[in-house]
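> heads up, no residue letters with this:
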């Protein structure tokens, strides 16, 4: 019995070892198959990533609490010539961006680390030759855990160039639509300036005759007293010239003519600045003056339907911005306000109200531009769609639906600001632009 028991134990151990070897063999085959499958997937993903105009990367926090680059994959042209290296800190990575965008990226990164809020913005990468390349920066916390951060740089350079061309085209289209009104605004001061100059030209001959008679009398008086005839001639020349009338009217005619020339010059200068395509870099701008010029250009659009009031902050500093693009945004908002008022009260003869207000918040270092009107307002069910591309409430042929969509892109992407509809307004509509000062 003892021998049989030992034999049974040996047989059991043999079977167990045999089963274990078979299990290990099947497990190895499964692992190898899974490994090959994962390698195939990794190869496919790598090929996809290599063919995408994008760079994928991951940041992880090291033992010292510093965020460092631990993974990087993608095409070199999206990174430009300043390609980061594995192990670079998050501060070194931010050196890739254009100086004007680093502040925006740093602020968004702080919000990401503090609140987990994802980053989604268009920024410019700085290249070694001094040029820039637009990319879309997308960053999020991995699985809600603030130990890993996944990010992507998506090449949007061509799209941004097309947007800039579209914006300039829209600007020229706006000029074309406003051309007749601008011509009228120029024609009015030009007409009364011409009338005043014609008046001065007509009176000049009589003034010359009077001055010559006076000069002749003065020369004669140096040698002998003036005769009665000479005095009568002087008096007749003064009557022909109507000297009292000219002394009263000529100063006003000159002042009015200078005012007309100033108005024409102001309109022409406003048009020159408005139609200028602008550069890629922001420039120092007087926002109040920009708004005044824009209101001048759009005058013929609003003066028949509304009174426009400017409430401009005297403490407004010069702001670094893309003035040409910002002027287009303000023009769109003013023209939209005028059209809304005209739609609300067609042919009533009562003028509506448009207000353009600027405010500077020194504590937040931000400026605010508010364009409000007492038109019909925005229906509740449309408030979430007004910034969508190609969405418009205007009749077919009178709106492309690109105005507010492009305006939002200009404010958000180019200026790091916000464009919103003030939903607290009970009557009419108010759009608020807020950008860093």
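On my side now, so go ahead. Everything numeric here is computed off the predicted structure, so don't read it as measured data.
> When you work out contacts or count neighbours from here on, use the C-alpha atoms and nothing else.
Will do.
> So which residues of the protein form strands?
With DSSP state E, the ranges of strands along the chain come out as 54-61, 67-74, 119-126, 132-141, 148-155, 283-285, 306-311, 319-321, 352-361, 366-373, 418-421, 429-436.
> Would you mind listing the buried residues in the second one?
So the one you mean is strand 67-74. For strand 67-74, a neighbour-count test (16 or more other Cα atoms under 10 Å) marks 67, 68, 69, 70, 72, 74 as buried.
> so what's the fourth one up against?
Each residue near residue 70 by Cα atoms under 8 Å, 6 or more residues apart in numbering is listed here: 57, 58, 59, 60, 86, 87.
> residues in contact with the fourth one?
Residue 60 sits next to 67, 68, 69, 70, 147, 148, 149 when contact means Cα under 8 Å, 6+ apart.
> How many residues are close by the nearest residue to it once chain neighbours are set aside?
Counting by Cα to Cα, 6 or more residues apart in numbering, residue 148 is the residue found nearest to residue 60 once chain neighbours are left out, at 4.7 Å. Around residue 148 there are 18 other residues, counting by other Cα atoms under 10 Å.
> Now do the contacts for residue 148.
58, 59, 60, 61, 141, 142.
> at 6 Å instead, please
Going by Cα atoms under 6 Å, 6 or more residues apart in numbering, residue 148 touches 59, 60, 142.
> Below-threshold pLDDT in the stretch 151-300 of the chain: ranges please.
Residues of the stretch 151-300 of the chain meeting the criterion pLDDT under 70: 170-178, 270, 273-280.
> all helices of it, in order?
Assigned by DSSP state H, counting those that start in this stretch, the helices in the stretch 151-300 of the chain fall at 157-221, 228-241, 243-275, 287-297, 299-302.
> May I see the ones you listed organised as CSV, with mean neighbour count and distance to residue 5 added?
Formatted as CSV, the helices of the stretch 151-300 of the chain follow (neighbours: other Cα atoms under 10 Å; distance: least, Cα to Cα, whole Å):
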stretch, mean neighbour count, distance to residue 5
helix 157-221, 15, 81
helix 228-241, 15, 149
helix 243-275, 16, 103
helix 287-297, 20, 100
helix 299-302, 20, 108
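> Tabulate these (JSON lines), appending distance to residue 91.
Formatted as JSON lines, the helices of the stretch 151-300 of the chain follow (distance: least, Cα to Cα, whole Å):
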{"stretch": "helix 157-221", "distance to residue 91": "24"}
{"stretch": "helix 228-241", "distance to residue 91": "81"}
{"stretch": "helix 243-275", "distance to residue 91": "39"}
{"stretch": "helix 287-297", "distance to residue 91": "33"}
{"stretch": "helix 299-302", "distance to residue 91": "49"}
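> Tell me which of those helices approaches residue 418 most closely.
Residue 418 lies closest, by Cα to Cα, to one member of these: helix 287-297, at 16.3 Å.
> Let me know which of the helices of the stretch 151-300 of the chain is the nearest to residue 431.
Among these, helix 287-297 comes nearest to residue 431, with 14.7 Å by Cα to Cα.
> Flag the shaky bits of the stretch 1-150 of the chain, pLDDT-wise.
Checking the stretch 1-150 of the chain against pLDDT under 70 turns up 42-52, 74-83, 143-147.
> any chance you could map the helices in it?
Here the stretch 1-150 of the chain has its helices, by DSSP H, counting those that start in this stretch, at 2-51, 76-79, 90-93, 99-115.
> Just name the most buried of these.
helix 76-79 (a mean of 18; mean count of other Cα atoms under 10 Å).
> rewinding a little: can you redo the helices of the stretch 1-150 of the chain as CSV with distance to residue 382?
Formatted as CSV, the helices of the stretch 1-150 of the chain follow (distance: least, Cα to Cα, whole Å):
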stretch, distance to residue 382
helix 2-51, 39
helix 76-79, 38
helix 90-93, 41
helix 99-115, 29
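> Of all those, which one comes closest to residue 256?
Sorting those by Cα to Cα, the top spot, which is the nearest, belongs to helix 99-115 at 46.0 Å.
> Now do the closest one: everything it contacts.
So helix 99-115 is contacted by residue 118 (Cα under 6 Å, 6+ apart).
> how does it look with 7 Å?
Here helix 99-115 makes contact (Cα atoms under 7 Å, 6 or more residues apart in numbering) with 94, 117, 118, 119, 123, 124, 416.
> If we only consider the residues you listed, which is nearest to residue 208?
When those are compared against residue 208 (criterion: Cα to Cα), the nearest one is residue 416, at 64.4 Å.
> So the closest one versus residue 322, what's the distance?
Residue 416 sits 12 Å away from residue 322, going by Cα to Cα, to the nearest Å.
> now swap in residue 303 and tell me
Per Cα to Cα, residue 303 is found 27 Å from residue 322.
> ok, these two, which is more surrounded?
A count of neighbours by other Cα under 10 Å puts residue 322 above the other of residue 303 and residue 322, at 21 against 13.
> OK, contacts around that one?
Taking Cα under 7 Å, 6+ apart, we find residue 322 in contact with 282, 283.
> What confidence value was assigned to it?
You'll see residue 322 listed with a pLDDT of 84.
> sorry, back to before: please identify which of the contacts of residue 60 is nearest to residue 428.
Each of these was checked against residue 428 using Cα to Cα; the closest is residue 149, at 43.9 Å.
> Residue 138 is in contact with that closest one, correct?
No. At 10.5 Å, residue 149 does not count as touching residue 138 under the criterion of Cα atoms under 7 Å.
> Among these two, which residue is more densely surrounded?
residue 149 (24 against 16).
> any idea how far the residue nearest the centre of the chain is from residue 321?
The chain has residue 410 as the residue nearest its centroid, 3.2 Å off, counting by Cα atoms, centre = their mean. Residue 410 sits 10 Å away from residue 321, going by Cα to Cα.
> So what sits opposite residue 308 in the bridge?
Residue 308 forms beta bridges with residue 354, as assigned by DSSP bridges.
> any idea how far it is from residue 334?
In terms of Cα to Cα, residue 308 sits 9 Å off from residue 334.
> and these two? which has more neighbours close in?
Using other Cα under 10 Å, the more surrounded residue of residue 308 and residue 334 is residue 334, with 26 against 20.
> Skipping its backbone neighbours, what lies nearest the more buried one in space?
Nearest in space to residue 334, with sequence neighbours left out and distances taken as Cα to Cα, 6+ apart, is residue 371 at 6.9 Å.
> Read off the pLDDT value for the one you found.
We note a pLDDT of 94 for residue 371 in this prediction.
> measure it to residue 338 for me?
For residue 371, the distance to residue 338 (Cα to Cα) stands at 11 Å.
> higher neighbour count, those two?
residue 338 (27 against 20).
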